[in-house]
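# structure, please.
(chains A and B)
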Amino acid sequence: MAGEAVKSLRISQVGLRGVVGGGLTAAHVLDFASAFGTFLEPGKAVIIGRDPRASGIMIREGVVAGLLACGRNVIDLGIAPTPVIQHTIRRMDAAGGISIGASHNAAEWNALKFFGRNAIYLSTAEANELLDIYHLKKFSFCEWNEIGKLHKEANALDPYLDELAAVFDFNALRQLRVVVDCCSGTSALILRRMNERFGFSFILINEKMQGVAFAHEPATNKDMVGLQLAPLMQPLGADAGFLFDADSDRVAFATEDGTPVSEEMVLPLLADYQLPRGEGKLIITNVSSTALVDEIAVRHGGEVVRVAVGRQAAIDALSIYRPEQIALAGEGTGAIMMPQFRFVYDGIVSMLAVLSMMRERGRKLSGIIGAYPKYSILKGQVPLVTHRMPALLAALRETYADGRASVVDGLRVDWPDRWFHVRVSQTEPVVRIISERRGEAPRELHDAVIEQVRSFA
Amino acid sequence: MPPREHLLKIGVAGIRGVVGEFLTPSLACSFAQAFGTYVGGGRVVVGRDTRASGEMLMHAVACGLLAAGCEVVDTGILPTPTIQMYVAATRAQGGIAVTASHNPPEYNALKLFNAQGLFFNTYERAELLDLYHQSDFRQAPNEEMRRVITDYESAPKLHFRKVLAHVDAERIRKRKFRVALDAVNGAGAVTTPGFLRDILNCDLEAISVDPTKPFPREAEPRPEVLGEIAELVRRCHRDIGFAQDPDGDRLAVIDETGLVLDNDDVLALAVDAALRRLPGDVVVNLTTSSAIDDVAAAHGRRVYRTPVGEANVVETMQAVNAVIGGEGSNGGIIFPAVHLCRDSYTGMAFMLDRMAETGEKISTLAGRLPKYFRRYGKVAFQHGRLGPLMQSLEARFPAAQNDRSDGLKLLLPEGWIHVRASNTEPLLRVAAEAKSEEQVEKLYGEVLTLFG
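Below is the predicted model:
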């Protein structure tokens, strides 16, 4: 299998994603936008926005053309964070929306994310229908005199911030000294407006939005936090530091003493914040995220539901519970949704929740993190040989027959103090191996699993 | 076999079709990307007429151009000649006008221009079409992506300045002509009232100058559909009336009595105006009136004839360095001193300038032209029958002088007959001209009889 070719374009239930020019072309964009215009219930407008990637303009033009041709009125927010696009879909009671942006991927990538009514990502059934329309290429183009109109919406931010202000205590939070690495992305738009309108004093680095050269890789992980943000914490006397990806749906952070925190910690931290607040006791996450979240859930009488890795599984899981049953849904990547904000991955909300927790508990961020029991996680990857995956999983299951096995996504085997998970990546032609133990890292287990995986490569 | 409807046509003339099921945004995007690849990136100008599908297709075109690494200059709603001049003046790599010109409103099309703001020539068109079919487009990566720039203001100013350089504008302004305009709610709705009222100081009565409304009449300004403007000329005692097509390249002229002038006569008046100012020859298509030959002869100039189609006329005009040209029956005046394209604004300025210069009414000026009578028509035919039909026609008129460069044109002592296959429909177009009404009826009747 040609690895490079596989890595440049992916059309799936999650949408369209690829390297612009090298995999993702204008033709894909036109067809996908036309398919979406065909798929949506007729009548209402479609909200669109984009992150600052240079290719976003080209993609915007194609998305607008495809939607207008299907008789849709389009409301373009211009460069806008994904959570703001989702908020606007609900506020305007739109038929749905498209966020143009490759989030945490490098600048040469771009993607289309599709939202249906209520601004929720498409369910698997809906996404399959969209894909069928896309592949069939039978689009409902309207008559010449029913073609839609394009409108622009200049201020989508303020109504979004109004909603945040109604949930969080802005007066208390703006006392905190917070440094943010915007990584040349859209979070700068929101944070600058919060400084201006609500008197926050966020100190922003890499705040100029860039189309080509991002300040650094826009991934929300510990390494990226350590790069520029964490070393600034002590010199600036900051209470906390946050890093956002390009479209502001993910977050990672550093504590006041300059320690970059693992992206895995966002979920347990927010679970600890969220569980005591409402009646929702379920935490929906995937089989690869830290077991610390289970321990915190137990502490608050909550329960963890583990589904397959990827946004699609989380979205489908959300739909089978009543919203008030759910406390939180999220991944170990720093992408978290809360019911107060109707299940939108929102990095800004995650940040405000962490800051609220610091205020409410009167504690430093390092103190809150340090109080949790220590879990150590190891991650690895091995090149994928697709046709041997079933045999590999069967062999692993046999080797580790003494543990509790889950086949929700690949194979996860649990013991009381440790677990490992082996699965095929959804974005790259690799097998991902992840192992965790309460206390010290499960080095021996991890190496043994990797060796067995490698023997099938 | 019932006559086929060509609801989509992708060919050397570009891409044209009924928007929706046939002309889709994907097709427009791919064609634009082929164009962007062909011109090799750089700046490309995009403009459009007022069709309801124009905005949608403009975005599809912008998408394809950006994907090929071009920078897009969006000039908004503008007449096609205005876009062409802007391309040439701004040193862009090319231009695309989203317009189906005189076609009905459900149609749209892409008109393609090279860096000189001229329609692609035969060779360029063939190469572009090959590139489109090969689908081997330039795919710009993120770091080579350019922007969309808007410039709605400067193109009309540039266009009008160029036109006014070839007439005595002050003389026109002093007369404060009473003018009527029908802009068919097309691109001219945006630019023509300003041209006539503000720049040429005309007392203007305008209808159909709302670019947000649909075309209120058939888009092609044929005499039969210009009743409203003709009535306006009569009722409001106008000196002259002008009617444009949706993209402002074609012009019809109404005299002060409310009579829609024959397009061949309008061209003859323009040829006369041009040859009074500049030395050089004339190029028209085979179906254009012999009145042009008479007018040119009076100035001691030669007339070259080309196959029907603006691109053919333009190519020959370039080759012989012509001063003026056009296609009589289509209402197009091409005056390269302004720009080598059909331009209704040059036509309007020429008509007003001649009236100002001579102090004559437009009906008087037209009445002085040599008088010819013309008949146009079409006959359905089947593929494969064209040759035998032409041979029988030739046999019927053995003494005629023949021109076979576009169908068959027979030159007779009393006039001429021109028969050619339509480029767009399975039809034969028949034209005849003679010095008298009886003669033209006789010639035309004989052709119809022969073709059964």
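# who is the closest residue to A:Gly226 other than its chain neighbours paired with across the strands?
Of all residues not flanking A:Gly226 in the chain, A:Pro260 sits nearest, at 4.0 Å (Cβ to Cβ, 6 or more residues apart in numbering or on different chains). All C-beta atoms are positioned from the backbone trio N, CA, C, and that covers glycine. In this entry, A:Pro260 is beta-bridged to A:Ala254, by DSSP bridges.
# surely A:Pro260 and A:Met233 touch.
No - in terms of Cβ atoms under 8 Å, A:Pro260 does not count as a neighbour of A:Met233; the distance is 9.4 Å.
# what sits in contact with each of those two?
Here A:Pro260 and A:Met233 have A:Ala254 as joint contacts, going by Cβ atoms under 8 Å, 6 or more residues apart in numbering or on different chains.
# least trustworthy helix or strand in chain A by mean pLDDT?
Within chain A, confidence by mean pLDDT, DSSP states H and E is lowest for helix A:3-8 among all helices and strands, at a mean of 56.
# tell me which strands the very next helix or strand once past it pairs with, and in which orientation.
Proceeding N to C from helix A:3-8, the next assigned helix or strand is strand A:9-12, under DSSP states H and E. The strands that strand A:9-12 pairs with in its sheet are strand A:15-19 (antiparallel) (by DSSP bridges).
# please enumerate residues in contact with the partner strand?
Contacts to strand A:15-19, defined as Cβ under 8 Å, 6+ apart, come from residues A:7-10, A:24, A:28-29, A:32, A:102, A:105, A:108-114, A:127, A:427, B:141.
# can we see that at 6 Å?
A:8-10, A:24, A:28, A:32, A:108-109, A:111-114 (Cβ atoms under 6 Å, 6 or more residues apart in numbering or on different chains).
# with stretch B:163-173 instead?
For stretch B:163-173, contacts defined as Cβ under 6 Å, 6+ apart pick out B:200-201, B:337-338, B:345-346, B:349, B:352-353, B:356.
# now do the same end-to-end measure for it.
Length of stretch B:163-173, first residue to last, Cα to Cα, to the nearest Å: 14 Å.
# for chain A, what lies in contact range of chain B?
A:20-21, A:25-26, A:30, A:54-55, A:58, A:61-62, A:64-66, A:68-69, A:107-108, A:141, A:143-145, A:147, A:212 (Cβ under 6 Å from any Cβ of the partner chain).
# just the buried ones from these, in PyMOL syntax?
In PyMOL, a selection of the buried entries from those looks like this (16 or more other Cβ atoms under 10 Å in any protein chain shown):
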select buried, chain A and resi 20+21+25+26+30+54+55+58+61+62+64+65+66+68+69+107+108+141+144+147+212
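# from the residues of chain A next to chain B, which ones fall inside strands?
Using DSSP state E, no member of these sits in strands.
# out of the residues of chain A next to chain B, name the ones that lie in helices.
A:26, A:30, A:55, A:58, A:61-62, A:64-66, A:68-69 (DSSP state H).
# show me the contacts for residue 407.
I went with chain A, as the question did not name one. With contact set as Cβ under 6 Å, 6+ apart, A:Val407 has no partners.
# wait, chain B
B:419-420.
# how about 7 Å then?
Contacts of B:Gly407 were listed using Cβ atoms under 7 Å, 6 or more residues apart in numbering or on different chains, and they are B:418-421.
# farthest pair within the residues you listed?
Using Cβ to Cβ, the pair of those lying farthest apart is B:His418 and B:Ala421, separated by 11.7 Å.
# out of the two, which sits in the busier spot?
B:His418 (24 against 17; other Cβ atoms under 10 Å in any protein chain shown).
# is it true that that one lies in a helix?
No - applying DSSP: H, G, I helix; E, B strand; the rest coil, one finds B:His418 to be strand, outside a helix.
# which residues in the stretch 351-457 of chain A form helices?
A:365-370, A:389-399, A:443-454 (DSSP state H, counting those that start in this stretch).
# among the ones you listed, which is nearest A:Gly96?
helix A:389-399 (34.8 Å).
# what is the closest one packed up against?
Helices and strands touching helix A:389-399, by 3 or more Cβ pairs under 7 Å, 6 or more residues apart in numbering or on different chains; DSSP states H and E, are strand A:411-415, helix A:443-454.
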